[in-house]
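K.L.:
The sequence isn't on hand, but the structure is:
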C-alpha cells in the first residue's frame, strides 16, 4: 500500500454537465466524471488527510473539520447555482475512479429518481429559538394562575408553602410547554402549506448551536423554486408575529437538498434510529 | 447571526448549520473509506453532540409532531397497524358469518 496515493472525494451528482468555473477555486483538482448518464463532481484529496486512520484523527481537530466542511458546502453550492444537485454526505471517498463508477452503477436508479424529484426545487431550513428565561419571567409576572399561587405561598406555613412551590414549578413547566408547542406547531403548519415536502429534525443542544436561546423547532422544507418568494414572505411574517412573544425564527436557504434525498441503503440504515 | 437577512451565505452561516447537514444527511452510500462518526471515541465534543444528541424535544415535552399521524411515519405505522387489525377482525367475522349461512 502506497500512502501518498490520492483518493477521490465525491461532492454531488448532477444530470446536466456542471459548470466548474469559479467553483474550482474552492478546492484543488476539482473535476467531473461522466458515467451512466450522470455527472459526479469530485476532487482528488490526499490519503494523508483522508485515509481511514488519518481521517479519524483529523475529525478531532475542529479547525480541520471547519475548513473541510466549508469546502464541501461551497463546492456543492457553487454547482447548485446552475444545476440541480444531489448532495452527498461529508467525506464520501473512493480509492479510484473505477470503484466510484461501480458505486454509481449500483445506485444509478436511486440517483436518477432523487434528481427527478429535486429538479426545480430548493431546500430551506427554519429553526425556532426561545429565550426560556425571558418567557418564564413573563409568565411568572403575568399569568393569573401563577400569581394566585404566589399569593397562597405568601400566606402559607413553610410545609404547605413547599408543596405549593412544587405545584408552581409544575405549572410553569406546563405553561412553557404549551407556549413552545403552540408556536412551533402554528409556524410549522403555516410553512407546511407552502412546500412540497417537509421534515422535522432533532433539536440541537446549545453547545452545538452556540446560542443563548434554546432551539425549539428544527425543520426543513422543500419548495418549488418559483414559490420561494412566497415561502420567504410567510416565514418573514411569522418572524415578526412571534418576535414579541420571545420567539426567534431563523430561516436560511437555499441549501442543497440534504434533507430530501435518499437511497435505499440510506433508508435501511437510518430507519432504526431516526424519528419517523 | 443574520437576524434580518433571509438567505444565507456560507461565510455568515453558523458552522453547526453546515455540520448538521453534511455529517448527518445527504446521500449516504458506502464509499471505500468507512468511518462511523458515532463510533469514534475522541471525536470532538461538538460533533459528538450533533451526531449522538438525544432528542431534546422529548426532554422539553414538545411532542406534537410525534403524535401527528400526518407528520410522523411512526405514528402513521401505528394507525395503519390498528386499521389492519380491525380489518382482519372484520374479515374473520364476515367469514364466520358466510360459513354459517
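P.N.:
Sure, I can see it. All values derive from a computational prediction rather than experimental measurement.

K.L.:
Select the helix or strand of chain A having the lowest average pLDDT value.
P.N.:
When the helices and strands of chain A are scored by mean pLDDT, DSSP states H and E, helix A:264-271 comes last with a mean of 49.

K.L.:
residues touching the residue lying closest to residue A:234 once chain neighbours are set aside, list them.
P.N.:
Spatially, and ignoring its direct neighbours in sequence, residue A:234 is nearest to residue A:194 (5.5 Å; Cβ to Cβ, 6 or more residues apart in numbering or on different chains). Using the backbone N, CA and C atoms, a C-beta is placed for each residue, glycine as well. If you count contacts by Cβ atoms under 8 Å, 6 or more residues apart in numbering or on different chains, residue A:194 has them with A:221, A:223, A:227, A:230, A:231, A:234.

K.L.:
Which strand or helix spans residue A:194?
P.N.:
Per DSSP states H and E: residue A:194 is located in neither a helix nor a strand.

K.L.:
and it, what pLDDT?
P.N.:
We have a pLDDT of 95 for residue A:194.

K.L.:
So is the longest helix along chain A next to chain B?
P.N.:
Looking across chain A with DSSP state H, the single longest helix is helix A:158-192. Yes: Helix A:158-192 lies within reach of chain B by Cβ under 8 Å from any Cβ of the partner chain, at A:173, A:177, A:180, A:181, A:184, A:185, A:188.

K.L.:
looking at it, residue A:27 is touching residue A:68, isn't it?
P.N.:
No: Residue A:27 is not in contact with residue A:68 according to Cβ atoms under 8 Å; the separation is 9.4 Å.

K.L.:
Please give me every residue in contact with the closest residue to residue A:195 other than its chain neighbours.
P.N.:
Excluding the flanking residues, the one nearest residue A:195 by Cβ to Cβ, 6+ apart is residue A:221, at 4.1 Å. Contacts for residue A:221 were tallied using Cβ under 8 Å, 6+ apart; they are A:123, A:124, A:125, A:126, A:191, A:192, A:194, A:195, A:197, A:198, A:199, A:231.

K.L.:
hmm, try it at 10 Å
P.N.:
Listed by Cβ atoms under 10 Å, 6 or more residues apart in numbering or on different chains, the contact set of residue A:221 reads A:121-126, A:188, A:191-192, A:194-199, A:231, A:235, A:251, A:253, A:259-260.

K.L.:
Fine by me, thanks again.
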